[in-house]
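Trainee: for reference, the sequence and a predicted model appear below.
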Amino acid sequence: MARPNNSAAAAAAAGGRSDQFDLAAVLSACARLGALASGTQVHFDAVKRGFSSGGFCAAALVSMYARCSRVGDAHRVFVGITCPDEVCWTSMISGYHRAGRYQEALSLFSRMVTMGSSPDQVTCVTIISTLACLRRLDDATKLLKRMPAPSSVAWNAVISGYAQQSGSEHEVFGLYKDMKRKGQWPSRSTFASMLSAAANVAAFVEGQQVHGAAVRYGLDTNVFVGSSLINLYAKCGCIGEAMHVFDFSCGKNIVMWNAMLNGLVRNELQQEAIQIFWYMYRLGLEEDEFTFVSVLGACAYMGSHCLGSEVHCVTIKNCMDASLFVANATLDMYSKFGAIDDAKTIFNLIAYKDSVSWNALIVGLAHNEEEEEAIHMLKQMNLDRITPDEVSLATVINACSNIRATETGKQIHCLAVKYNICSNHAVGSSLIDLYSKHGDIDSSRKVLAQVDASNIVPDASSIVPINALIAGLVRNNRENEAIQLFHQLLRDGLKPSSFTFSSILSGCTGLSSSIRCKQVHCYTLKSGLLNDDTSLGVSLIGIYLKSKMPEDANKLLIEVPDHKSMLKWTAIILGYAQNGYSSESFLSFWRMRSYDVHSDEATFASILKACSEMTSLTDGKEIHGLIVKSGFDSYETAASSLIDIYSKCGDIISAFEAFKQLKNKESVTLWNSMIVGFAKNGYAKEALLLFQKMQESQIKLDEITFLGVLIACAHAGLISEGRHYFDSMSKVSGLMPRLDHYACFIDLLGRGGLLQEVEEVINQLPFRPDGVIWATYLAACRMHKDEERGKIAANKLAELEPQNSSTYVLLSSLHAVAVSATIAKNHMGCSSDIL
């Protein structure tokens, strides 16, 4: 920093003596340059010469210390002045304002007025700014109107205050009109504030009017006004107008470049934002932290790890990686990429972490299914005395929900109570989800009541916690209560969202599903939600298909506008396949391709399911060719579906070839598909050998694995092996057998004629036997001609499924076999008597 010219020293060198005017001039220079050390030296000189209490020196000392952020020293000088003048008062008030000590500034101003000093324009502007910082805009306006001839600076201070306060944007335009009526010319600050206010509420028309006024006053090419114009048009979604302003602005500075970058990112034009960044880089422009925050955000949105790493390297080269804002943006980017190790490295390099740093890593861990570590990081954040906010708490509560860590979630609930964040909509929604997944609907209702009580005036986000409870009620099979809550939110004047209707639709079961689906369809059409949200239309189509109403589904399919949405087509293809409309599933698949929509592995898995349902090997092979061509043959979901289609069509060799070609076989789903395929096609030996190979490869077994093994044993009549695997399921692998496992085990024992043991197994079941259990038992009784046990099984089955005709067919067949056996036995007896 340049050392101020010490006029006192210059006067001494010339043989003269410096007076208080010289010292005051030097102190003013020190104040402008922020040269505290030089100013302190001059202060000593003033004390030594007896000028420190003089009016000129005293005022200059107060100003110097205040502007050098030494408010305490300024105050000590100020209280030593017997009769401070207006300059001295203003310097001290400005010092308090600059230091953020607003109440002290106001108190000093009141004291100034009480002591009879008349505040000048500078003092009044400072107090107006202070009141604006305290959100006391009405008081600021009153002071403005009491001023005899307020300058444009005073008007700008009030206008800027209103522009920065949410919900006060319209007052800005009224003040602008008052300012013009008073004969004051608007400046660049006036237009920047007005454009900022218009941008906050996306007031495109008002913004254009301000733009026209700026043109008339010749300020439209000013970089500050230009940046505000770009921000306005970008927030209004008019990126063409923003680019026009940018292109025709003279002398673009970094603020304007950043405004354009941010506007492109905001309008999801990430590629264009990256291109502008590299253009800036080639021009040799000096990027700042705001530049890199926007560009790193664009990379994160695009999911381009390679590009993000390049930009990260540029931040290091420009020594911007030390900036907390840039480091947090880099951390957030790597977290969104799923590159958690890189994110952790960035996190550990941040010297002074703030809540944004912690939140970025916690969110990244949770989204990448590292929930336990996310919970640990919240605990560490608390230990480091960083106060958790709604983002960190909501994220970790969701993590607890995902891993069913309800007790930990309750502890975090206590933490939210401690920090008074429970009433936040995001935190409240997460808590409702946590408790409802645990089946504790009463606690979920209490959380919602607490959120509602804290938010007296409902807003658009008030629907979020209600949606969470509706979803929780549906999840716990309390659909009627969910409908009642839906009707209540309508009575309260809240507007349902797409998620509200999706949750209601997911609970549509039985006879009422078609009626409810049509009601939702009508409401969403009326409200316009159906045109705005493709996923809602897909949900409606799914319910129509479940309700066996394909005509309505087809009509709605035409109404859903987005024919380029892969998500929409995948959901529809799967919906048709799952509900017995395999041919329609195929038609939808080829129709999707006619719109040039590319398939992903989920799409291929869905259409392969349709092939499986039709056992259409030819179609399956055609889809297999498309999968190979698209490069998805090595993906887990697609490969598993290929194994399934070939197995169901009896082509077990092709199924095994699809399995063998996979290089990465770490997924249990792939092994399960192949084991079940072998088992159902009568290759029990191969299924058991593959099971042994799976254990050797240390793949974690699951319930489906054991189901496949039991099917293999049942088909091959391997009773002792099957009993061993059934017992080891719970004793060795820690997995509790489900109803379908018991059905397979009963089938195994029944085929071997061990009906007494089957009866014992059924009597000892840990849950009520269903129709499948009794049907399997009845089939075994028929096979071994045990009419007495068969009658018991048939009666139980008839109680559960009275409309199922197969029960009576099996019983009739069993009785016929038994009668035939009796007749044959009697006939043999008669023959022996004759002989």
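Mentor: Sure, I can see it. What you see is a predicted model; the values in this text were computed from it and never measured.
Trainee: residues contacting the helix or strand harbouring residue 623, please?
Mentor: Per DSSP states H and E: residue 623 is located in helix 617-630. The set of residues external to helix 617-630 that reach it, using C-beta atoms under 8 Å, 6 or more residues apart in numbering, is 586, 598-599, 604, 607-608, 611-612, 633, 638, 642, 645-646, 649, 651, 658. Where you see a C-beta, it was placed from the backbone N, CA and C, and this is true even at glycine.
Trainee: right, and residue 405 touches residue 375 too?
Mentor: Yes. Counting by C-beta atoms under 8 Å, residue 375 is a contact partner of residue 405 at 7.1 Å.
Trainee: the helix or strand that the helix holding residue 623 is followed by packs against which elements?
Mentor: Sequence order places helix 636-648 as the next helix or strand after helix 617-630, per DSSP H and E. Contacts defined by 3 or more C-beta pairs under 8 Å, 6 or more residues apart in numbering; DSSP states H and E place helix 636-648 against helix 601-614, helix 617-630, helix 652-660, helix 668-680.
Trainee: looking at those helices, which is nearest to residue 701?
Mentor: Each of the helices and strands packed on helix 636-648 has some distance to residue 701 by C-beta to C-beta; the shortest is helix 668-680, at 7.2 Å.
Trainee: and the closest one, what's its mean pLDDT?
Mentor: Mean pLDDT, helix 668-680: 92.
Trainee: for that helix, what is the distance to the chain centroid?
Mentor: Taking C-alpha atoms, centre = their mean, to the nearest Å, one finds the center of helix 668-680 at 35 Å from the center of the full chain.
Trainee: repeat for stretch 592-600
Mentor: 27 Å.
Trainee: tell me the buried residues in it?
Mentor: For stretch 592-600, burial by neighbour count (16 or more other C-beta atoms under 10 Å) applies to 592, 597, 599.
Trainee: any weak-confidence spans in the stretch 1-150 of the chain?
Mentor: Scanning the stretch 1-150 of the chain for pLDDT under 70 picks out the ranges 1-20, 50-56.
Trainee: if you set the cut-off to 50 instead, what comes out?
Mentor: For the stretch 1-150 of the chain, applying pLDDT under 50 flags the ranges 1-16.
Trainee: now the chain
Mentor: Low-confidence segments of the chain, defined by pLDDT under 50: 1-16, 819, 821-835.
Trainee: please repeat the previous calculation with a cut-off of 70.
Mentor: Across the chain, the ranges flagged by pLDDT under 70 are 1-20, 50-56, 166-167, 169, 456-460, 507-513, 561-562, 802-835.
Trainee: what about the helices in the stretch 351-500 of the chain?
Mentor: Remark: helices assigned in the stretch 351-500 of the chain by DSSP state H, counting those that start in this stretch are 355-367, 371-383, 390-402, 406-418, 425-437, 441-454, 463-475, 479-491, 498-506.
Trainee: residues contacting residue 447?
Mentor: Counting by C-beta under 8 Å, 6+ apart, residue 447 has contacts 422, 428, 431-432, 435, 465.
Trainee: what helix or strand is residue 733 on?
Mentor: Residue 733 belongs to no helix or strand when assigned by DSSP H and E.
Trainee: can you give the distance from the host helix or strand of residue 798 to the centre of its chain?
Mentor: In the assignment (DSSP H and E), residue 798 maps to helix 787-800. Relative to its chain's centre, helix 787-800 lies at 53 Å (C-alpha atoms, centre = their mean).
Trainee: sort out which residues of it are buried, please.
Mentor: 787, 789-794, 796-798, 800.
Trainee: a markdown table for those residues, including distance to residue 469?
Mentor: Formatted as a markdown table, those follow (distance: C-beta to C-beta, whole Å):
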| residue | distance to residue 469 |
| --- | --- |
| 787 | 54 |
| 789 | 49 |
| 790 | 49 |
| 791 | 49 |
| 792 | 45 |
| 793 | 43 |
| 794 | 45 |
| 796 | 39 |
| 797 | 39 |
| 798 | 41 |
| 800 | 34 |
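Trainee: quick revisit: nearest to residue 697, of the helices of the stretch 351-500 of the chain?
Mentor: Closest to residue 697 of these, according to C-beta to C-beta: helix 371-383, at 25.5 Å.
Trainee: which neighbouring elements make contact with the closest one?
Mentor: helix 355-367, helix 390-402, helix 406-418.
Trainee: right, so of those helices, which gets closest to residue 308?
Mentor: Here helix 355-367 is closest among those (C-beta to C-beta), at 13.5 Å.
Trainee: neighbouring contacts of the closest one?
Mentor: For helix 355-367, contacts defined as C-beta under 8 Å, 6+ apart pick out 324, 327-328, 331-332, 334-336, 338, 340, 343-344, 347, 350, 371, 373-374, 377-378, 381, 386-389, 391-392, 395-396, 398-399, 402.
Trainee: centre of the chain to that helix, how far?
Mentor: 12 Å.
Trainee: which parts of that helix are buried?
Mentor: Across helix 355-367, burial judged by 16+ other C-beta under 10 Å covers 356-367.
Trainee: now swap in stretch 609-629 and tell me
Mentor: 609-614, 616-617, 619-621, 623-624, 626-627.
Trainee: and stretch 298-316, by the same measure?
Mentor: The neighbour-count check on stretch 298-316 (16+ other C-beta under 10 Å) flags 298-300, 304-305, 307-309, 311-312, 314-315 as buried.
Trainee: let me know the closest of those residues to residue 505.
Mentor: residue 300 (32.3 Å).
Trainee: ramachandran coordinates for that closest one?
Mentor: For residue 300, the backbone dihedrals (degrees, to the nearest 10) come out as phi -60, psi -40.
Trainee: enumerate every residue touching it.
Mentor: Applying C-beta under 8 Å, 6+ apart, we find residue 300 in contact with 308, 332-333, 336-337.
Trainee: that one and residue 272: what is the separation?
Mentor: The spacing between residue 300 and residue 272, counted by C-beta to C-beta, to the nearest Å, is 16 Å.
Trainee: what do you get for residue 477?
Mentor: To residue 272, residue 477 is 49 Å away according to C-beta to C-beta.
Trainee: neighbour count for those two, which is higher?
Mentor: residue 272 (18 against 11; other C-beta atoms under 10 Å).
Trainee: hmm, residue 287 is touching residue 319, no?
Mentor: No. If you go by C-beta under 8 Å, residue 287 and residue 319 don't touch, sitting 11.2 Å apart.
Trainee: among the two, which residue is more densely surrounded?
Mentor: residue 287 (21 against 8).
Trainee: mind checking the SS state of the more buried one?
Mentor: Applying DSSP: H, G, I helix; E, B strand; the rest coil to residue 287 yields a three-state assignment of coil.
Trainee: what's near enough to touch it?
Mentor: 254, 277, 280-281, 314, 318, 320.
Trainee: mind exporting the helix or strand containing residue 233 as CSV, just the C-alpha atoms?
Mentor: Assigned by DSSP H and E, residue 233 belongs to helix 223-235. Output of helix 223-235 as CSV, limited to C-alpha atoms (Å, rounded to 0.1, in the frame of the first residue of the first chain):
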residue,chain,number,x,y,z
VAL,A,223,-21.8,-2.2,-17.1
PHE,A,224,-23.8,-2.1,-13.8
VAL,A,225,-27.1,-1.5,-15.6
GLY,A,226,-26.2,-4.0,-18.3
SER,A,227,-25.4,-6.7,-15.7
SER,A,228,-28.8,-6.0,-14.0
LEU,A,229,-30.6,-6.2,-17.4
ILE,A,230,-28.9,-9.6,-18.1
ASN,A,231,-30.0,-10.9,-14.7
LEU,A,232,-33.6,-9.6,-15.3
TYR,A,233,-34.0,-11.3,-18.7
ALA,A,234,-32.3,-14.5,-17.6
LYS,A,235,-34.6,-14.8,-14.6
